[in-house]
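In: Show me how the following folds:
(chains A and B)
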Amino acid sequence: MNDVVLRAEEVRKSYDGLEVLRGVSIEVGRGEVKVIIGPSGSGKSTLLRCLALLEPVDSGSVHLDGHELSGLREKELAVHRSEVGMVFQRFNLFQNMTALANVMCGLVEVRGLKKREARERAREFLARVGLADKADSYPEELSGGQQQRVAIARALVMRPKAMLFDEPTSALDVELVREVLDVMEGLARDGMTMVVVSHELRFAHHVASSILMMDEGKVIEEAPPDRFFASPSHERTKRFLALVE
Amino acid sequence: MLASFDTHIFWEALTSRPYWHGALLALELTLVSLAAACVIGFFLALGRSSRFRSVRGFVFFYSWIFRATPTLLQLLFIWNGLPQIWSTFANDWFKPFLAAFIALSLNEAAYMSEIIRAGLLSVDPGQELAGRALGMTRPRILRRVIVPQAIRIIIPPTGNEFITLLKLTSLAYVISLHELLTAAQVRGAADFHYAEAYSAAVIYYLVIVSVLMAIQAQLERRYTWSSAGRRRRVPVPAVAHDAR
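Out: Numbers count the residues shown, from 1 in each chain, chains lettered A, B, ... in the order given. As a prediction, this is how the structure comes out:
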């Protein structure tokens, strides 16, 4: 069954009079991986933040597992945010906590788990991203790739219904990109529902269920990777792909 | 040439009861005023970025009043003026120490709010964003993530404020609080051995500030988040990997 986990409908969003999203709709089915590409300023990150419930939408709606959440107030939203995992370009690990404490944090502070139980589960998820031996290291002492893997574990440990990635590898040195993509590919294989903003086209080709092209606050094209790369229908997409590759 | 420095009188003053009492009083006053100023200053700092205009206006007005007027005037105002305009304070329980505490903490809060604000602003906004994405509420993000990181930035200037405040306590001399400077003044005037009397007070101030500096260094290490910064707290076993 391919039910819809995350859905945005006709989302509009402006900052200081500038319309960043001009009526965007997206539907992500369970286990699907959607990759969003597009030039900077096209609204990719804003869309992701709206899906992560971090930004209220001006109009339109965001639904998670069939429930509309875009109308809720800040206090009620907090709980629902924990049901969507978010991974940022700049990792944003809590600098004052060890890798383990970063992963435990949501379990203790949001889910109210006992420290002992949270620690056990956090260790399990650190091991899953291959960083069991870095549990006691502070973010400052980890490489960019390691930090991003901890950030992924921090989001995963909450057992989210979907994972959102906002250019997860673009702040990384070239040789560290692979380890992060490997973790993400593993997640996709395990059936995690994912929305990924990324210009790693090979990754997109490999794991995406479909690829979305955004430009000027709109989704201008969506297609499965084979069709998307082989015969993009939109002129803007062709030009963009030519530039990225 | 030490023509008339009587070391005996110096030692006698240094170890006398009014001195260490006065020093203790100055230290107490500094600590409680600074603690209160940190609490008031924290809320003033939050108030400065409040979405309510009236709150922002109040914070501006507060720091304007307390920074634009001399501390000595504030001290005298609280001690002499306050009981006149508010009869509750025209009472026996309103002692010089309390008056000095109120004046110094209100005054210091105006400065601490700026320091704390700078500390809070220095924390990468991505930290709060990550906390919100995890589902944490704003108070929890403040307590677990932002405040601990801001403290690292806040410690050094707060050390400076401690020193300033310690010296400001000597102003309480004018409202007859028997702090350290009062002790030195009284001792000096007794037989005109001012050099000895003041030197003894100098020693006390130096000792207090030195102890503070040591504590500050400890605190800074405590709020450094790498194992390098905490090496002393986490001893590494001596054998390590050589055995293999």
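In: contacts, neighbours, all on C-alpha from now
Out: OK.
In: so what secondary structure elements neighbour the longest helix seen in chain B?
Out: Assignment by DSSP state H gives helix B:17-48 as the longest helix of chain B. Secondary-structure packing of helix B:17-48 (3 or more CA pairs under 8 Å, 6 or more residues apart in numbering or on different chains; DSSP states H and E): helix B:53-68, helix B:96-122, helix B:147-168, helix B:180-191, helix B:194-222.
In: which one of those has the most crowded surroundings?
Out: Per-residue neighbour counts averaged over each of the helices and strands packed on helix B:17-48 give the maximum for helix B:96-122, namely a mean of 22 (mean count of other CA atoms under 10 Å in any protein chain shown).
In: for the helix or strand that that helix is followed by, packing partners?
Out: As assigned by DSSP states H and E, the chain's next helix or strand after helix B:96-122 is helix B:125-134. Helix B:125-134 makes packing contacts with helix A:74-81, strand A:84-87, helix B:138-141 when contacts are defined by 3+ CA pairs under 8 Å, 6+ apart.
In: tell me the most buried of these?
Out: Using mean count of other CA under 10 Å, the stretch among those with the largest mean neighbour count is strand A:84-87, at a mean of 27.
In: Quick one: distance of that strand to the chain centre.
Out: Here strand A:84-87 shows a centroid-to-chain-centroid distance of 5 Å under the convention CA atoms, centre = their mean, to the nearest Å.
In: quick check: angle from the helix or strand that it is followed by to helix B:125-134?
Out: From strand A:84-87 onward toward the C-terminus, using DSSP H and E, the following helix or strand is helix A:99-109. Orientation note: helix A:99-109 sits at an angle of 50 degrees relative to helix B:125-134 (axes from the mean of the first three to the mean of the last three CA atoms, to 10 degrees).
In: The lengthiest helix in chain A: how far from the chain's middle?
Out: Criterion DSSP H: the longest helix present in chain A is helix A:174-189. Using CA atoms, centre = their mean, we find the averaged C-alpha position of helix A:174-189 to lie 13 Å away from the chain's own average C-alpha position.
In: Quick one: the helices in chain A, in order.
Out: Counting by DSSP H, one finds helices in chain A at the ranges A:44-51, A:74-81, A:99-109, A:115-128, A:144-156, A:174-189, A:201-207, A:225-230, A:235-244.
In: List the contacts of the most centrally placed residue in chain A.
Out: With distances taken as CA atoms, centre = their mean, the residue of chain A nearest its centroid is residue A:164 (1.6 Å). When the contact criterion is CA atoms under 8 Å, 6 or more residues apart in numbering or on different chains, the partners of residue A:164 are A:48, A:52, A:84-87, A:194-196.
In: ok, now residue A:100?
Out: The contact partners of residue A:100, by CA under 8 Å, 6+ apart, come to A:119, A:122-123, A:126, A:135-136.
In: picking that back up, so what secondary structure elements neighbour the longest helix of chain A?
Out: Of the remaining helices and strands, those touching helix A:174-189 by 3+ CA pairs under 8 Å, 6+ apart are helix A:144-156, helix A:201-207.
In: hmm, who's touching the first one?
Out: By CA under 8 Å, 6+ apart, the residues outside helix A:144-156 that reach it are A:85-87, A:91-93, A:99, A:102-106, A:122, A:125-126, A:128-129, A:131, A:139, A:163, A:168, A:171-173, A:176-177, A:179-180, A:183, B:134.
In: Close to chain A: what parts of chain B are there?
Out: Contact residues (CA under 8 Å from any CA of the partner chain) of chain B with chain A: B:126-127, B:129-130, B:132-137, B:140, B:145, B:148-149, B:224-227.
In: Which of those are buried, as a PyMOL select command?
Out: This is how PyMOL selects the buried members of those, with burial counted by 16 or more other CA atoms under 10 Å in any protein chain shown:
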select buried, chain B and resi 126+127+129+130+132+133+134+135+136+137+145+148+149+224+225+226+227
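In: ranking the helices and strands packed on helix A:174-189 by burial, who's on top?
Out: With neighbours taken as mean count of other CA under 10 Å, those reach their highest mean count in helix A:144-156, at a mean of 26.
In: So for that helix, mean pLDDT?
Out: Helix A:144-156 shows a mean pLDDT of 96.
In: same deal with stretch A:55-66?
Out: pLDDT averaged over stretch A:55-66 equals 92, rounded to a whole number.
In: ok, and for that stretch, which residues are buried?
Out: Residues of stretch A:55-66 classed as buried under the neighbour-count rule (16+ other CA under 10 Å) are A:56-57, A:59-64.
In: Between the two ends of that stretch, what distance do you get?
Out: Its start and end residues considered, stretch A:55-66 measures 19 Å (CA to CA, to the nearest Å).
In: ok, now which ones touch residue B:76?
Out: Each residue near residue B:76 by CA under 8 Å, 6+ apart is listed here: B:174-175.
In: can we see that at 6 Å?
Out: The neighbours of residue B:76, taking CA atoms under 6 Å, 6 or more residues apart in numbering or on different chains as the test, come to nothing; the list is empty.
In: and the helix or strand it falls within, how far out from the chain's middle?
Out: Assigned by DSSP H and E, residue B:76 falls within helix B:71-76. Between the centre of helix B:71-76 and the centre of its chain there are 17 Å (CA atoms, centre = their mean).
In: next SSE after it?
Out: helix B:82-85.
In: Name the residues that touch that next one?
Out: Applying CA under 6 Å, 6+ apart, the contact partners of helix B:82-85 are B:89-90.
In: which residue packs closest to residue A:41, ignoring adjacent ones?
Out: Leaving out its chain neighbours, the residue that sits closest to residue A:41 by CA to CA, 6 or more residues apart in numbering or on different chains is residue A:216, at 7.1 Å.
In: tally of neighbours for the one you found?
Out: Residue A:216 sits with 17 neighbouring residues when counted by other CA atoms under 10 Å in any protein chain shown.
In: And it, what's its pLDDT?
Out: Model confidence at residue A:216, given as pLDDT, is 92.
In: same deal with residue A:70?
Out: The predicted local distance difference test score for residue A:70 is 82.
In: Check residue B:187 too.
Out: As summarised for this prediction, residue B:187 has a pLDDT of 87.
In: Can you tell me the closest non-neighbouring residue to it?
Out: Nearest residue to residue B:187 in three dimensions, chain neighbours excluded: residue B:197, at 5.9 Å (CA to CA, 6+ apart).
In: Now do the same contact list for residue 104.
Out: Just so you know, I chose chain A. A:118-119, A:122.
In: um, chain B though
Out: Residues in contact with residue B:104, defined by CA under 6 Å, 6+ apart, are residue B:33.
In: Distance check, it against chain A.
Out: 32 Å (CA to the nearest CA, to the nearest Å).
In: Please report how far residue B:184 lies from chain A.
Out: Shown here: residue B:184 relative to chain A, a distance of 46 Å by CA to the nearest CA.
In: My read is that that residue contacts residue B:199, right?
Out: No: using CA atoms under 6 Å as the test, residue B:184 is too far from residue B:199 to be in contact (8.7 Å).
In: Next, the angle from the worst-scoring helix or strand of chain A on mean pLDDT to helix B:125-134.
Out: Of the helices and strands making up chain A, the lowest-confidence element is helix A:74-81, at a mean of 86, by mean pLDDT, DSSP states H and E. Going by the same axes, to 10 degrees, helix A:74-81 is angled at 80 degrees with respect to helix B:125-134.
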